[in-house]
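>>> pasting the structure only:
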Ligand SMILES: CNC(=O)c1cccc(C)c1Nc1nc(N2CCN(c3ccccc3Cl)CC2)nc(N2CSC[C@H]2C(=O)NC)n1
Ligand code: NI
């Protein structure tokens, strides 16, 4: 299982590189990586397991954060209690093909498993996006996302381009954002 000491931290050059495009069929190791990244998110969202293995909770994890420069990211956005997840997928070679003009940001700012310190400030993103990606089996998919799942996918796709969330925070005024921005609580 992936544990916190397997997760690369800010300062590791792999987090600032553009990740390599995946070619199909994926190797057994690459498929296994997708499973292990998703397993990390499941474990990290389970209070007992997270406590036992000291896992920081996350809803997204990108391959560069596991030290592998590959265009692959796992996303697991839970639904409400006893509901199915809002979004659960391992995205391979994801590309944002359209994005809303409407800006949105998490009201509490963003955290990242690869950034140990808390960096306050709004991270302006698009409220709605359409992503084209492949599944680990090479199937082409296209999905439209909005609000929290859209924010998470933008954060993870950023990782594949060597961008970290705080790159988007206004240095002079971290809490400055468009008047009509949607703040997601
Ligand atoms: C600085 N303020 C903050 O971090 C911050 C502060 C307050 C609220 C939010 C909402 C904040 N922001 C933020 N909170 C999250 N979690 C909330 C808790 N949750 C979770 C926790 C326990 C069980 C199950 C789950 Cl689901 C896991 C996910 N996740 C992200 N991000 C940014 S996009 C990728 C995603 C990620 O997975 N990061 C590791 N941001
Ligand atoms: Ni991150």
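Arrived safely, thanks for sending. For clarity, every value in this text was computed on a predicted model and none was experimentally measured. Ligands and ions are numbered 1, 2, ... in the order given.
>>> tell me the contacts of residue 90?
34, 35, 37, 38, 72, 73, 74, 75, 135, 136 (CB atoms under 8 Å, 6 or more residues apart in numbering). From N, CA and C alone the C-beta is placed, and that goes for glycine too.
>>> OK, now which residue of the chain is nearest to ligand 1?
Using CB to the nearest ligand atom, the single residue of the chain nearest to ligand 1 is residue 111, 2.9 Å away.
>>> what about the nearest residue to that residue once chain neighbours are set aside, how many neighbours?
Leaving aside its sequence neighbours, residue 111 sits nearest to residue 118 (CB to CB, 6 or more residues apart in numbering; 7.0 Å). Using other CB atoms under 10 Å, residue 118 is surrounded by 8 other residues.
>>> now do the SS call for residue 118.
Here residue 118 is recorded as coil under DSSP: H, G, I helix; E, B strand; the rest coil.
>>> what comes up buried for the strand ranked longest in the chain?
What stands out as the longest strand in the chain, according to DSSP state E, is strand 87-99. Buried residues in strand 87-99, counting neighbours by 16 or more other CB atoms under 10 Å, are found at 87, 88, 89, 90, 91, 92, 93, 94, 96.
>>> quick check: the residue nearest to residue 111 touching residue 110?
No. Judged on CB atoms under 8 Å, residue 118 makes no contact with residue 110 at a distance of 10.0 Å.
>>> find the nearest non-adjacent residue to residue 36, please.
Nearest non-adjacent residue to residue 36 (CB to CB, 6+ apart): residue 2, at 5.3 Å.
>>> which residues in the protein form strands?
60-62, 72-77, 87-99, 103-106, 125-126, 128-134, 140-146, 182-184.
>>> distance check, residue 8 against residue 149.
24 Å (CB to CB, to the nearest Å).
>>> between the two, who's got more neighbours?
residue 149 (20 against 16).
>>> need the per-residue pLDDT for the residue nearest to residue 111.
We have a pLDDT of 98 for residue 118.
>>> do residue 9 as well
98.
>>> contacting residues around it?
So residue 9 contacts 15, 114, 115, 116 (CB under 8 Å, 6+ apart).
>>> cool, residue 12 as well?
67, 114.
>>> hang on, residue 144 packs against residue 128?
Yes. If you go by CB under 8 Å, residue 144 and residue 128 touch, sitting 6.8 Å apart.
>>> more neighbours: the two, which one.
residue 128 (16 against 11).
>>> I'd say the more buried one and residue 99 touch.
Yes. Using CB under 8 Å, residue 128 makes contact with residue 99 at a distance of 7.2 Å.
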